[in-house]
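Student: sequence and predicted structure, then a few things I'm wondering about:
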Amino acid sequence: MRNSRILVAASTFLLILSISSHGQLKETEIQDVQPQDIGEKVRIRGSVDSFSKYGATTVMTISDGTESLKAVSFDSNKKFGTGQRIEAQGKVTMYKGELEIVVDSASRVRSIM
């Protein structure tokens with residue numbers, strides 16, 4: 001129970017960070033997402049390696065063949081599955097010492113960059 005409260009609090013914080021950004025969108029490979037990009041908006045493409053839902057929160061690991069990155073979405077309507085190719089855009093954040101993106105939008109794509 002305590003862990004879910006922490007997850008909800010962290011998710012809310014990350015959502016607020018996502019809404020407050022006005023940066024330009026940078027299309028990039030996952031391996032090029034670095035700590036200096038925290039706060040920047042990026043677009044990545046890749047395959048979903050893992051996918052979990054926690055209420056309205058979706059946590060995915062996306063790989064583009066160079067690296068993988070955790071992507072967190074607060075849109076309960078998005079339904080992706082392992083192996084699907086997607087394009088995701090959102091703000092780079094740091095959570096528990098690891099880079100991730102808080103997804104503003106995501107959609108399925110036919111090919112990986």
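Tutor: Everything's here; your move.
Student: CA only for contacts and neighbour counts going forward, please
Tutor: Fine.
Student: tell me which residue is most central in the protein.
Tutor: Geometric centre of the chain, nearest residue: residue 71, 2.1 Å, by CA atoms, centre = their mean.
Student: other SSEs contacting the helix or strand harbouring residue 69?
Tutor: Using DSSP states H and E, residue 69 sits within strand 68-73. In terms of contacts (3 or more CA pairs under 8 Å, 6 or more residues apart in numbering; DSSP states H and E), strand 68-73 is packed against strand 57-63, strand 98-108.
Student: run the chain-centre distance for the longest one.
Tutor: Put plainly, it is strand 98-108. 2 Å (CA atoms, centre = their mean, to the nearest Å).
Student: how about residues contacting it?
Tutor: Outside of strand 98-108, the residues within contact range by CA atoms under 8 Å, 6 or more residues apart in numbering are 14-15, 18, 34-35, 69-74, 78, 84-94.
Student: tilt between it and strand 68-73?
Tutor: 70 degrees (axes from the mean of the first three to the mean of the last three CA atoms, to 10 degrees).
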